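Asker: Structure for this input, please:
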Amino acid sequence: MVTVRQERPAEAASRDALLDLAYGPARFTKASERLREGRRPELALVAAEGGRIVGTVRLWQVSAGPGRPALLLGPLAVAPDRRRRGIGSTLVHHALREAARRRHSAVLLVGDMSYYARFGFSGEKTGTLWLPGPLRAAAAAGVRAQARSARWRPWADQPARSARAAARSRRSGCGPRPQR
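Answerer: Numbering: from 1, shown residues only. Okay, here's the model as predicted:
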């Protein structure tokens, strides 16, 4: 039986081995990895079967600009021999419920929208966000507002900001796309 729970410190090596298996060394070159650098996850979940870690997902505090806190979902990985059993979906649902319980109004991700749309993620409001590093053509930035009353608006809807505020946004996570 698979159970979802908080990751334990002693399981870090198992989690990293699972991520290496799922993504290979290319995982360190992804735009989302730039957002996670130097941060500790707010939430780290694992799916365990017996004593084995068969899935992992994490949530990271980031900023979508000054005064715009958000969480970044990922990476999500499931052991190859346990895929297509709903483990990834279960991990995402647990993470989103916990984000809502902690009163976060938005969860961002960089990933396959054909997979993440089922959880309410959409790239519709992320076109003006800046992301560090390369973004694969198959990946897209998405956002999920966490509550019916929560309304997540892209930066294009916001008043103009100073260059200093834009630089702070880029240092603290994603933010409005820099002017060229």
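
Asker: Disregarding residues adjacent in the polypeptide, which is nearest to Val92?
Answerer: Spatial nearest neighbour of Val92, excluding adjacent residues (Cβ to Cβ, 6 or more residues apart in numbering): Phe119 at 5.4 Å. Yep, even glycine has a C-beta here, placed from its N, CA and C like the rest.

Asker: which residues are contacting stretch 5-13?
Answerer: Arg15, Leu43, Ala44, Leu45, Val46, Ala48, Ile53, Thr56 (Cβ atoms under 8 Å, 6 or more residues apart in numbering).

Asker: where exactly do the helices run in the protein?
Answerer: Using DSSP state H, the helices of the chain run over 12-23, 31-36, 87-101, 113-116, 163-172.

Asker: For Pro66, which of these is the nearest?
Answerer: Proximity to Pro66 (Cβ to Cβ) singles out helix 163-172 among the helices of the chain, at 5.2 Å.

Asker: Assess the claim that Leu71 and Glu42 are in contact.
Answerer: Yes: Leu71 lies in contact with Glu42 (Cβ atoms under 8 Å); the separation is 6.5 Å.

Asker: Those two - which one has more neighbours?
Answerer: Neighbour totals were compared for Leu71 and Glu42, and Leu71 leads with 26 against 16 (other Cβ atoms under 10 Å).

Asker: OK, contacts around the more buried one?
Answerer: Here Leu71 is in contact with Glu42, Leu59, Trp60, Gln61, Val62, Ala99, His104, Ala106, Val107, Leu108 (Cβ under 8 Å, 6+ apart).

Asker: hey, which helix or strand in this protein has the poorest pLDDT?
Answerer: Ranking every helix and strand in the chain by mean pLDDT, DSSP states H and E puts helix 163-172 at the bottom, with a mean of 41.

Asker: Per-residue pLDDT of Ala117, please?
Answerer: Predicted confidence (pLDDT) at Ala117: the value is 87.

Asker: Number of residues surrounding it?
Answerer: Neighbours of Ala117 under the rule other Cβ under 10 Å: 13.

Asker: ditto for the one 5 residues further on
Answerer: Ser122 sits with 16 neighbouring residues when counted by other Cβ under 10 Å.

Asker: quick one: average confidence on the strand ranked longest in the chain?
Answerer: For the chain, the strand with the greatest residue count under DSSP state E is strand 52-63. If you average the pLDDT over strand 52-63, you get 92.

Asker: isn't Thr56 right up against Ala79?
Answerer: No: under the criterion of Cβ under 8 Å, Thr56 is not in contact with Ala79, lying 9.5 Å apart.

Asker: Find residues that contact each of these two.
Answerer: In contact with both Thr56 and Ala79: Leu18, using Cβ under 8 Å, 6+ apart.
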